[in-house]
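> curious how this folds, go ahead:
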Amino acid sequence: MKARSKLICEHSIAMAISAIEIYNKPNFANREQIFSILMVCAWESLLKAKLIKDGGNKLSAIYIKDGSGRYKKNRNKENMTVSIDEALQKLSLSESLTSNIKALIRIRDAAIHLTAESAALPYLTYSLGAAALKNYAKLIADWFDIKLSEYNFFILPLGFSYPFKALTLAQVKCEPETIANIITDLETARTGASNDDGYFLVCEIQTSLVSAKKITEDTGFIAKIDPATNGAAIIVNQKVNLIDQYPYSWTAAFERIKSTIPSVKNYHLNELIKTNSIKGNKKYSAYNFRTKEEEQRGPSSTTAVLYNDDFVAFAIKTLKAE
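Numbering: from 1, shown residues only. As a prediction, this is how the structure comes out:
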């Protein structure tokens, strides 16, 4: 039998995937509101799964007690569990991550109790939702060692009816009070938000229309005919900066690992890298060549190496087991 925390974690993933599927449907009414409802449900289940895991895999870890020490009951005579807000408080998560979830909760609440419909809602939901999915994928890997790479774990920003642009103060004033308040509060929170911990409050997007003949490397996209479909389909790949794929230097990766395993030493990490042939393995690292000539010559002992989140997770898991 699976552990209770694992079962609830799987339920959380199912909710998150449902949220993405709804959002990405070509024509679906109230997609943003329903996405927010399902994504908040996914977050609540994930947070509770973590509390249960930390509580010895006992459901009592999320039950609420009354003044006499008895478990409180809901209207269905079942034990009441902590709310998502209480779970966030118990887990003491990143400020950016917590603010992102709370903003989605506010949209969820408006959608459930009346409506969150507004002209700005598509932009607001995408910027919050894209960040939420980044945060969700990172946290579930850190907590449960579950990689979501097998799923298309992203939401699509492409839609000509979406107002994907910065909202002016005048536009915000025209929005329903609930949405206007969320936008105003987010703008205030963004001023002091830091993504140094790997979590995001919002994700911004930029869009532009170009001629199909001009889809070149200059646009950040590379388009080509898919030979497997006899020319019936086009493959579009987006260029991604090396530091976006591999954001950590050796020092930065070591610091993240040490924050989880305080006893780890420099030589532990160096031995792990050498033993597992990490350098040059694109799954975990990439050489950061300074020039094209250096790249053609190949890496040397002085060539810098960058690492990604998968390497950090692999190192933590391996070093913990030793």
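> how about the residue located most distally from the centre of the chain, secondary structure?
The C-alpha centroid of the chain is most remote from residue 68, which lies 40.1 Å away (C-alpha atoms, centre = their mean). On the three-state scheme (DSSP: H, G, I helix; E, B strand; the rest coil), residue 68 is labelled coil.
> let's see the pLDDT reported for it.
What the model reports for residue 68 is a pLDDT of 88.
> who's in contact with it?
Shown in contact with residue 68 (C-beta atoms under 8 Å, 6 or more residues apart in numbering): no residues. The way it works is simple: take the backbone N, C-alpha and C, and place the C-beta from them, glycine included.
> do the same with residue 198
By C-beta under 8 Å, 6+ apart, the contact set of residue 198 is 94, 138, 309.
> among these, which are in helices?
Among the contacts of residue 198, the members falling in helices (DSSP state H) are 138, 309.
> out of the contacts of residue 198, flag the one nearest to residue 35.
Checking the contacts of residue 198 against residue 35 with C-beta to C-beta, the nearest one is residue 138 at 19.3 Å.
> how many neighbours does the closest one have?
19 (other C-beta atoms under 10 Å).
> pull up the gap between the closest residue to it other than its chain neighbours and residue 49, please.
Leaving out its chain neighbours, the residue that sits closest to residue 138 by C-beta to C-beta, 6 or more residues apart in numbering is residue 198, at 5.9 Å. Distance, residue 198 to residue 49, using C-beta to C-beta, to the nearest Å: 20 Å.
> so which residues of this protein form helices?
4-23, 31-54, 84-91, 95-113, 121-144, 169-173, 177-192, 242-245, 250-260, 266-275, 292-297, 309-321.
> contacts for the fourth one?
Outside helix 95-113, the residues that touch it by C-beta under 8 Å, 6+ apart are 30, 32-34, 36-37, 39-40, 43, 84-85, 88, 116, 121, 124-125, 128-129, 131-132, 135, 139, 178-179, 181-182, 185-186, 189, 193-195, 197, 199-202.
> got a ChimeraX select line for the buried ones in those?
A single ChimeraX command selects the buried members of the contacts of helix 95-113 (16 or more other C-beta atoms under 10 Å):
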select :32,33,34,36,37,39,40,43,84,88,116,121,124,125,128,129,131,132,135,139,178,179,182,186,189,193,199,200,201,202
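> quick one: low-confidence parts of the protein?
Residue ranges of the chain with pLDDT under 70: 1, 150, 152-174, 191-197, 204-240.
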